[in-house]
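Okay, predicted coordinates and the sequence, questions at the end:
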Amino acid sequence: MTVQELPGAGASHRSTPPPAWRPRTDAAPLLPDAEPYRVLGTEAADRLDPALMLRCYAELVRGRRYNAQATALTKQGRLAVYPSTVGQEACEIAAAMVLEEQDWLFPSYRDTLAAVARGLDPVQALTLLRGDWHTGYDPREHRIAPLSTPLATQLPHAVGLAHAARLRGDDVVALAMVGDGGTSEGDFHEALNFAAVWQAPVVFLVQNNGFAISVPLAKQTAAPTLAHKGVGYGIPGRLVDGNDIAAMHEVLAEAVRRARAGGGPTLIEAVTYRMEAHTNADDATRYRGDAEVEAWKAHDPIDLLERELTARGILDEAGITAARDEAEAMAASLRDGMNADPVVDPMDLFAHVYAEQTGRLREQAEMLRAELEAEDQA
Amino acid sequence: MAQALTRAMRDAMAEDPTVHVMGEDVGTLGGVFRITDGLAKEFGEDRCTDTPLAEAGILGTAVGMAMYGLRPVVEMQFDAFAYPAFEQLISHVAKMRNRTRGAMPLPITIRVPYGGGIGGVEHHCDSSEAYYVATPGLTVVTPATVEDAYGLLRASIASDDPVVFLEPKRLYWSKADWSPEAPATVPGIGKALVRRTGTSATLITYGPSLPVCLEAAEAAREEGWDLEVVDLRSLVPFDEETVVESVRRTGRAVVVHEAGGFGGPGAEIAARVTERCFHHLEAPVLRVTGFDIPYPPPMLEKHHLPGVERILDAVARLQWEN
Ligand SMILES: Cc1ncc(C[n+]2csc(CCOP(=O)(O)OP(=O)(O)O)c2C)c(N)n1
């Protein structure tokens, strides 16, 4: 029923449209594609840069090996826990690859591999998961924020940092990673809104790997895609095949370029799959069937690239072997690093709570010191 | 006090270009209590920013700004509206220095107008200090005088650690001889002050309850009691020495605050005083606090807030004749 049809609505009603608060932007350019963007196996692959793709390939193989080694270390009790990114390596690696040195990465607890791909020492990157301290590196030195365990809470940090950098006139982009479950958190929404209002140079990368621990995406959201969530904030959403590293690299690099050029934030949903359990404490067979896992195996990120590159004569057996050898060397050095028992100092418990220790902490530190000395003498 | 707080931010911003004020309505309006009045005009909207209305977002982005080397001063509009930001506060603001072994301290000041006595409706009068003091990594201060409002806020902004700066709303309009032309020297954070010396008992208090305690001390003179009043000014760190020294001298102590008694800061202070002054005490340490109830509606708040009578009753219960 229009206003005109309302009983008693006269001409005066028709002639007074409500005042507008502001011009609205057109929503259409913000909308993601209907299908995830792909490059590998499509015509778009004709314009691939062979050198870049060979680097991607080596990184993917290394990443897969890293995942396998870290998972093995969990089984040996060297790591308290390791959230594997097998199947998601293309997302992790592309995220690290598109950043310049001065840019910042804001990883979630699952994104150790992205931190390593950015150049962080693998042993340092695993400090949190080994349990000898929380963060094993200086975030400013590497421009990698601490791995964030509370979901989505690192996203507003990325926005604030990017905003601060822009206020200072620095050429810095922040890339923040979050899972599909994390998009339900308030911090995700607040971060998107702040980023859009401030036009902060931020890229939000959602790795939609199908599950938040055991909860499938359908129980997480009723949105058409997670990339659509950008529209409500005035942020363009991009939907991309998270197992296609060429597509990931292209979409992420474009978003980073846009942010750097002052074009504001982008929300990217990478559609991927978590091949392994949430962590070693999780039993994935309780919430998903083998058929689904098998189907995703046929869409493996390494296989996808390997097929494309060998078909095009960019990669051969020697190249594959070289990549595997390099990965083995990394794994061996990771094993060595992790097999050395970490040195922990109990007095560190009190060292970094405040710039200046409070009287209370001094007293408690003394108590512990006395206990330790007594232990030593016993 | 309001002007002293404004002045503190103004001076800090003028001296240090990394100081940024942010929050809801802090720009054009100057804050709902006008504490940021004129800052956006003087320093521009990039330095005094009206943010979207989202407390977790405000504090969360402030974390990122501090990571990049700025000193954000965040205004939470009211005590009870700071709660959405608690996850950022507890999981990140309070812990970042520790998580990174000191590599990444966060110099953020979080200004929270707190407490009642202004006839506010619900969610506008909480005394939320117990939540903050229970969180390791946070410094928690609260001024009770105009001079301290200036000095402590300057010290908080200068601190390399995150500071929760609790502003007693009902003292916003308190006046003093303090002149903005000659700002007081900055007291170090963590120093309590004996506001009134006395011999019969020590009233230990802070923030909005300080004037009430001073009034009670005056009234007590009629009973022949000479009360000492200690203003904590800083809840974390807690200046145990000043408190202990006073109580050892007077032998009796009452802790006074608006927050509920169960699990309130007074419980901690009473326990510490008992541990350290046991042999000097003539009576158990008593507490006069708000009731353990959600903050009452304005027409009932006078029954809830610790007033002079209740303080004098407690002093009387310190078994004077023994
Ligand atoms: C605020 C918060 N709530 C709950 C948890 C516990 N938790 C850890 S991981 C996880 C699931 C996360 O799923 P998703 O965001 O999809 O990321 P994924 O694990 O798939 O990478 C949950 C619920 C947490 N870490 N933080």
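Thanks, I have the structure now.

packing partners for the longest strand along chain B?
Secondary structure of chain B read by DSSP state E shows that its longest strand is strand B:253-260. If you count contacts as 3 or more Cβ pairs under 8 Å, 6 or more residues apart in numbering or on different chains; DSSP states H and E, strand B:253-260 packs onto helix B:129-133, strand B:201-205, helix B:209-220, helix B:265-277, strand B:286-290, helix B:308-316. From N, CA and C alone the C-beta is placed, and that goes for glycine too.

so what strands line up beside it?
When pairing is defined by DSSP bridges, strand B:253-260 lines up against strand B:201-205 (parallel), strand B:286-290 (parallel).

Could you give the average pLDDT over it?
Averaged over strand B:253-260, pLDDT sits at 98.

same thing with stretch A:268-275?
98.

what about it, how long is it end to end?
21 Å (Cα to Cα, to the nearest Å).

Quick check: closest non-adjacent residue to residue B:16.
In this structure, residue B:16 finds its nearest non-sequential neighbour in residue B:71, 6.7 Å apart by Cβ to Cβ, 6 or more residues apart in numbering or on different chains.

So the one you found is in contact with residue B:157, correct?
Yes: when contacts are counted by Cβ atoms under 8 Å, residue B:71 is listed as touching residue B:157 (6.2 Å).

So which elements touch the helix or strand harbouring residue A:124?
Here residue A:124, judged by DSSP states H and E, is contained in helix A:122-125. On a contact count with 3+ Cβ pairs under 8 Å, 6+ apart, helix A:122-125 meets helix A:112-117, helix A:317-339.

Distance to residue B:224, mean neighbour count and mean pLDDT added to those, as TSV?
What follows is these, written out as TSV (distance: least, Cβ to Cβ, whole Å; neighbours: other Cβ atoms under 10 Å in any protein chain shown; pLDDT from 0 to 100):
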stretch	distance to residue B:224	mean neighbour count	mean pLDDT
helix A:112-117	69	27	98
helix A:317-339	73	15	96
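
out of those helices, nearest to the ligand?
The ligand lies closest, by Cβ to the nearest ligand atom, to one member of the helices and strands packed on helix A:122-125: helix A:112-117, at 11.5 Å.

From the rest of the structure, what touches that closest one?
Here helix A:112-117 makes contact (Cβ atoms under 8 Å, 6 or more residues apart in numbering or on different chains) with A:59, A:63, A:66-67, A:70, A:82-83, A:85, A:89, A:91-93, A:95-97, A:105, A:107, A:122, A:125-126, A:129, A:142, A:144, A:147, A:177.

again, but for stretch B:188-197
Looking at what lies outside stretch B:188-197 - Cβ under 8 Å, 6+ apart - the contacts are A:358, B:139, B:141, B:152, B:155-156, B:159, B:163, B:187, B:210, B:214, B:217, B:227-234, B:237-239, B:242-243, B:246.

Mind checking which of the residues you listed are in helices?
If you go by DSSP state H, the contacts of stretch B:188-197 have B:152, B:155, B:156, B:210, B:214, B:217, B:242, B:243, B:246 in helices.

any idea how far the second one is from residue B:239?
From residue B:155 over to residue B:239 the distance is 14 Å, taken as Cβ to Cβ, to the nearest Å.

and the two? which has more neighbours close in?
residue B:155 (23 against 20; other Cβ atoms under 10 Å in any protein chain shown).

distance of residue B:116 from residue B:206?
15 Å.

which phi and psi does whatever residue of the stretch 51-200 of chain A ends up closest to the ligand have?
As assessed by Cβ to the nearest ligand atom, the ligand sits closest to residue A:179 within the stretch 51-200 of chain A, at 2.1 Å. Here is the backbone geometry of residue A:179 (degrees, to the nearest 10): phi -90, psi 170.

Would you mind listing what in the stretch 1-150 of chain B touches chain A?
By Cβ under 8 Å from any Cβ of the partner chain, the residues of the stretch 1-150 of chain B that approach chain A are B:20, B:46, B:51-52, B:54, B:56-57, B:59-70, B:72, B:84, B:87-88, B:91-92, B:95-105, B:136-137, B:139.

Is there a quick PyMOL command that grabs whichever of those are buried?
Buried residues within the residues of the stretch 1-150 of chain B next to chain A, by 16 or more other Cβ atoms under 10 Å in any protein chain shown, are selected in PyMOL with:
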select buried, chain B and resi 20+51+54+56+57+59+60+61+62+63+64+65+66+67+68+70+72+84+87+88+91+92+95+96+97+98+99+100+101+102+103+104+105+137+139
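
Looking at the residues of the stretch 1-150 of chain B next to chain A, which are in helices?
B:56-57, B:59-67, B:87, B:96-99.

ok, now how distant is the spatially most central residue of chain B from the ligand?
The centre of chain B sits closest to residue B:142, judged by Cα atoms, centre = their mean, with a distance of 2.1 Å. As judged by Cβ to the nearest ligand atom, to the nearest Å, residue B:142 and the ligand stand 30 Å apart.

next one: residue B:164
As for residue B:164, its distance to the ligand is 22 Å (criterion: Cβ to the nearest ligand atom).

give me the beta-bridge partners of the residue of the stretch 51-200 of chain A closest to the ligand?
Beta-bridge partners, per DSSP bridges, of residue A:179: residue A:207.

what number of residues lie near it?
Neighbour number of residue A:179 under other Cβ under 10 Å is 27.

so it makes contact with residue A:205?
No: counting by Cβ under 8 Å, residue A:179 sits too far from residue A:205 to count as a contact (10.2 Å).

about what we covered before: tabulate the helices and strands packed on strand B:253-260 (JSON lines), appending mean pLDDT.
Formatted as JSON lines, the helices and strands packed on strand B:253-260 follow (pLDDT from 0 to 100):
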{"stretch": "helix B:129-133", "mean pLDDT": "98"}
{"stretch": "strand B:201-205", "mean pLDDT": "98"}
{"stretch": "helix B:209-220", "mean pLDDT": "97"}
{"stretch": "helix B:265-277", "mean pLDDT": "98"}
{"stretch": "strand B:286-290", "mean pLDDT": "98"}
{"stretch": "helix B:308-316", "mean pLDDT": "97"}
